[in-house]
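[1] Dropping a prediction and its sequence here:
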Amino acid sequence: MITRENALTQINQKTPSHDSGERCGDCPIRYRAVCAHCETDELALLEDLKFYRTFDPGQPIVWEGDRMEFVGSVVTGVAALTQTLEDGRTQMVGLLLPSDFLGRPNREIAAYNATAATKVVLCCFRRKPFEQMMRSTPHVAHRLLEMTLDELDAAREWMLLLGRKTAREKIASFIAIIARREAALHKRDPGGRMQIDLPLTREAMADYLGLTLETVSRQISALKREGVIELVGKRAIILPDFSRLVEESGDDSDGGYFS
């Protein structure tokens with residue numbers, strides 16, 4: 001049984017629970033992660049600092065309010081971010097997808113709970129050495145600033161999605177976000193026929209989008225019936241025409257909202 005105490009002990013140990021043997025230059029998130037702008041000598045410094053950890057689906061990564069001794073990038077998998085209300089209820093407030101950064105330099109206390117939604121591999125760095133490296137490596141600090149601003153933009157877009165869009169538009173928007181990230185990770189434009197794997201169950205999607213499970217299931221079925229998506233198994237979705245999905249989301253082709 002995973003307890004709060006033994007999970008914290010595991011993540012704060014130096015010995016990695018997973019070592020992919022991946023060199024930074026060959027990493028699948030190399031050109032989207034915090035190291036995206038690093039030169040060869042800077043990558044060598046990261047090589048010396050990094051270690052990998054693996055988390056199984058449902059396993060906690062960090063708890064809100066706990067001291068966090070590491071930061072890191074998601075290499076593979078998806079983590080869910082939640083916050084706990086005073087009455088004990090939890091609200092999903094975000095997702096961490098491949099290349100997203102977990103933790104904040106110069107902030108010791110975790111602001112949210114992070115839980116593996118799928119099997120997650122993190123490329124981790126001890127917080128203090130990473131902070132020291134940021135001061136001597138402008139490329140890392142600059143990229144982290146870029147990622148933070150992107151995260152702010154995404155949060156504003158999500159406020160729009162939750163506050164103004166219909167249930168159908170919310171479902172289509174969520175699928176489109178996953179498709180765009182998947183395409184960007186593989187350096188290709190979303191378009192034509194493509195297949196993606198949804199990182200969340202329908203129950204988790206309902207929680208994240210502020211909908212009921214029944215509404216999520218009904219809207220997914222409607223999108224399938226109308227040929228906007230095709231379902232393959234429990235999580236896989238085929239998009240016959242990405243542009244049509246974008247139209248259903250209420251966005252324009254650049255990701256902006258139709259007025």
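    Alright, I've got the coordinates.
[2] need the helices for the stretch 51-200 of the chain, in chain order.
    Applying DSSP state H, counting those that start in this stretch to the stretch 51-200 of the chain gives helices spanning 127-136, 138-164, 167-185.
[3] tell me the most buried of those?
    Across the helices of the stretch 51-200 of the chain, averaging neighbours per residue (mean count of other Cβ atoms under 10 Å) puts helix 167-185 on top, at a mean of 20. To be clear about C-beta, it is placed using only N, CA and C from the backbone, and glycine gets the same treatment.
[4] what's that helix in contact with?
    28-29, 32, 97-99, 161-162, 165, 189-190, 194, 196, 198-199, 205, 208-211, 215-216, 219-220, 222-223, 228-229, 237, 239, 242, 245-246, 248-251, 255 (Cβ atoms under 8 Å, 6 or more residues apart in numbering).
[5] Pairing partners for T82 in the sheet, please.
    In this entry, T82 is beta-bridged to M92, N113, by DSSP bridges.
[6] so what pLDDT did the residue lying closest to N106 once chain neighbours are set aside get?
    What sits nearest to N106 in space, not counting adjacent residues and going by Cβ to Cβ, 6 or more residues apart in numbering, is E131, at 6.2 Å. On the pLDDT scale, E131 is placed at 91.
[7] And E131, how close does it get to D87?
    Distance from E131 to D87, counting by Cβ to Cβ, to the nearest Å: 36 Å.
[8] do the same with Y52
    In terms of Cβ to Cβ, Y52 sits 37 Å off from D87.
[9] still on that earlier bit, just put the helices of the stretch 51-200 of the chain in TSV and tack on distance to P57.
    Output for those, formatted as TSV (distance: least, Cβ to Cβ, whole Å):
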stretch	distance to P57
helix 127-136	26
helix 138-164	23
helix 167-185	17
